[in-house]
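1. Show me how the following folds:
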Amino acid sequence: MIAFLRRLAVCVGLLIVAAPLAAEDLTKGASPPSAPHGSTKSADTKSSTAPVRPLPAEATTTQVLNFASRKLDFKATAGSIQLSDDKGAPEADVCYIAYQLNAPDAHKRPVTFVFNGGPGAGSAWLQLGAVGPWRLPTNSLSPSSSPTVVDNEDTWLDFTDLVFIDPPGSGYSRIIGPGDDVRKKLWSVNGDIEALSVVVRRWLAENDRLASPKFILGESYGGFRGPRLAEELATKQGVGINGLVLISPALDLGADSADVTNPLPFAVRLPSYAAAFRERSGKVTRKDLEDVENYARHDYLLDFLSGPKDAAAVGRMAQHVSELTGLNEELVKQLGGRVDKDAFLREFDRQQGKVAAFYDVTISANDPEPNRYRSRWLDPVVDGFDAPFSSAVMGIYNDRLGWKIDERYELLNEAVSHAWNWGSGLEPPRAIFALQRMLALDPNFNVLISHGLTDVQTPYLGTQMLLDQIPDYGPSGRVKLKVYGGGHMHYLRDETRKALREDARQLIEGSSDSAVTTPGTE
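-> Got it, this is the predicted structure:
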């Protein structure tokens, strides 16, 4: 599971150390963000003149989950929604999997639309990593691990129906319109939101769910989509969203500038670096990082702004950052106290000959070139989890849902992120302002944001500082930030997945017009 674009998230370091030559993001997803999402995967390069094979017809099956505490009877539907232009010409087939509990007044149950990130990441990260009816165990996962899924006792299906949507170019979704114009439109910040809002509205209408409480779950770049989708649906599609659950969201794509004169990207990662270092000695919570947060917000910024010519300031930064992160003090001093994430990934476990994962610093793999100034490696999460996650979701489609297709499931299609149109404005895209507008507009709109302590791609302190700038529109407490153990896809940890589920349950049940009691719910 979840994630934002690695082109913005990764700068290949050429200071004293060099980081992995990574490409764009997932978190999962991820991307992935969402999140997740990594190395140099590419899309099928089929000729635009080749005939497009039709997707399978919609398939609906009945399913059941038997747990010690409850039984869940539900229907599972795999299908697609075709998007067309204003002249009726087909543009894209957007695939989805919907899980709906069999219950009285089922059409009034909450329904949650799920998106991963990238751009170009499929929703399998969140489906099989966290919230779907089946889960892929991720302990010691590697490319050769079995893709066998297990019943997910932590599924959210008890309290909300789930619709997993793969934007065009991810999963099995594809662009079918001829030429480059359709691709340019759909693979863009605004075109993506417009298209997905139509998919959500049409699914609701076709399934008699317009009266349901409606929620959006997004990871990484999917978390960037969340507020903008809610605004687009409310103002352009006539569909109100009750709330958002945003996992490791990228709310401000301009906040991660690699400019060494900008202190914030360096400051907000210090607590995540420290969390990874302190976790070597045992469990870490956010409360354990209060000293690091205070330093990052105050003394670190003051010394940073003094500039590299102030030797005393650089010395103080080197000492404190070294003590907090476990990095060699001389190295930190040579870097001017400015430890970017790529340097940290390479140096954190360098003495053990290992490199850290792009989405969770606590997961590592052997450095294939430990003695070189620069090193290339396959990320232990992005690349290590790709094969089992992809095989597992293909098995879900073919074996459990009866939606037979021999195409490749695009878990992370980097052709999408490479071609993504970020717009031509002077300012980078942001979702934080859409979040503010929706909170100001709708007093019943509620938001849960979750982050992992050891995620250095979308660090939790960065989101905290963004949220601190949002006025209190009332009622208070409508935006909650929860920080759990783990990285970008923090739900891969059992304890975190359970805690996230409970926090999401409280938000969804509390935001719905009335509590929905159905057989099999807790």
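2. rest of the way, CA atoms for contacts and neighbours
-> Noted.
3. For L244, which residues count as its bridge partners?
-> Using DSSP bridges, the bridge partners assigned to L244 are I216, V447.
4. Contact partners for it?
-> Counting by C-alpha atoms under 8 Å, 6 or more residues apart in numbering, L244 touches F215, I216, L217, G218, G226, P227, N446, V447, L448.
5. Also G240?
-> G240 makes contacts with K214, A230, L233, A234, as judged by C-alpha under 8 Å, 6+ apart.
6. pLDDT weak spots in the stretch 101-250 of the chain?
-> By pLDDT under 70, the stretch 101-250 of the chain has no low-scoring segment.
7. try the chain
-> Using pLDDT under 70, the chain drops low at 1-51, 257-258, 373-375, 513-522.
8. Show the residue spans covered by the strands in it.
-> With DSSP state E applied, the chain shows strands at 59-66, 71-84, 90-101, 111-115, 134-135, 150-151, 161-166, 174-175, 214-219, 243-247, 354-356, 364-366, 446-452, 479-484, listed in chain order.
9. got a list of contacts for the fifth one?
-> Think strand 134-135. The contact list for strand 134-135 (C-alpha under 8 Å, 6+ apart) reads Q127, L128, G129, V149, V150, D151, N152, T155.
10. Show me which of those residues are buried.
-> Neighbour counting by 16 or more other C-alpha atoms under 10 Å classes Q127, L128, G129, V149, N152, T155 among the contacts of strand 134-135 as buried.
11. now, which of the contacts of G240 sits nearest V200?
-> Taking C-alpha to C-alpha as the measure, V200 lies nearest L233 of the contacts of G240, at 8.4 Å.
12. ok, what's across the strand from T62?
-> Residues in beta-bridge contact with T62 (DSSP bridges): K75.
13. list the contacts for it?
-> T62 is in contact with D73, F74, K75, A76, counting by C-alpha under 8 Å, 6+ apart.
14. and the residue lying closest to the second one once chain neighbours are set aside, how many neighbours does it have?
-> Take F74 and drop its neighbours on the chain: the residue closest to it by C-alpha to C-alpha, 6 or more residues apart in numbering is L101, 4.1 Å away. Each residue near L101 was counted by other C-alpha atoms under 10 Å, and the total is 26.
15. And for Q469?
-> Neighbours of Q469 under the rule other C-alpha under 10 Å: 10.
16. Can you measure across stretch 407-424, start residue to end residue?
-> Using C-alpha to C-alpha, to the nearest Å, one end of stretch 407-424 lies 34 Å from the other.
17. Against L335, how distant is the nearest residue to K333 once chain neighbours are set aside?
-> Nearest non-adjacent residue to K333, counting by C-alpha to C-alpha, 6+ apart: A318, 4.8 Å away. Distance from A318 to L335, counting by C-alpha to C-alpha: 9 Å.
18. Can you pick out the residue with more neighbours from the two?
-> A318 (24 against 18).
19. which residues touch that one?
-> By C-alpha under 8 Å, 6+ apart, A318 lies in contact with E329, E330, V332, K333, G336, G337.
20. Just the buried subset of the residues you listed, written out for ChimeraX, thanks.
-> Buried residues among the contacts of A318 (16+ other C-alpha under 10 Å), as a ChimeraX selection:
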select :329,332,333,336,337
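21. Among the contacts of A318, which lie within helices?
-> Using DSSP state H, the subset of the contacts of A318 located in helices is E329, E330, V332, K333.
22. Wait, P368 touches R376, no?
-> Yes. At 7.4 Å, P368 and R376 qualify as touching, with contact defined as C-alpha atoms under 8 Å.
23. ok, back up a step: tell me the most packed of the contacts of T62, by neighbour count.
-> When neighbours are taken as other C-alpha under 10 Å, the top entry among the contacts of T62 is A76 (21 neighbours).
24. Could you measure from that residue over to I396?
-> For A76, the distance to I396 equals 11 Å [C-alpha to C-alpha].
25. Check V94 too.
-> In terms of C-alpha to C-alpha, V94 sits 18 Å off from I396.
26. ditto for A296
-> From A296 across to I396, the span is 45 Å (C-alpha to C-alpha).
27. now the contacts of A318 as CSV including distance to V292?
-> CSV is the format used below for those (distance: C-alpha to C-alpha, whole Å):
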residue, distance to V292
E329, 17
E330, 20
V332, 16
K333, 18
G336, 18
G337, 15
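28. Which of the contacts of A318 sits closest to F358?
-> F358 lies nearest to V332 out of the contacts of A318, by C-alpha to C-alpha, at 20.3 Å.
29. quick one: contacts for the closest one?
-> Contacts here follow C-alpha under 8 Å, 6+ apart; on that basis V332 touches A318, V321, S322, R338, V339.
30. Please tell me how far the third one sits from E329.
-> In other words, S322. To E329, S322 is 5 Å away according to C-alpha to C-alpha.
31. Let me see the ranges of the helices in the stretch 351-500 of the chain.
-> With DSSP state H, counting those that start in this stretch applied, the stretch 351-500 of the chain shows helices at 386-395, 414-419, 432-441, 460-467, 494-511, listed in chain order.
32. Quick one, which of the ones you listed gets closest to F159.
-> Of all these, it is helix 494-511 that lies closest to F159, at 6.5 Å by C-alpha to C-alpha.
33. Contacts made by that closest one with the rest, please.
-> Against helix 494-511 from outside (C-alpha under 8 Å, 6+ apart): 110, 130-131, 154-156, 159-160, 213, 215, 242-243, 245, 444-448, 450, 484-486, 490-491, 515-516.
34. of those residues, buried ones?
-> Buried by 16+ other C-alpha under 10 Å: 110, 130-131, 154-156, 159-160, 213, 215, 242-243, 245, 444-448, 450, 484-486, 490-491, 516, out of the contacts of helix 494-511.
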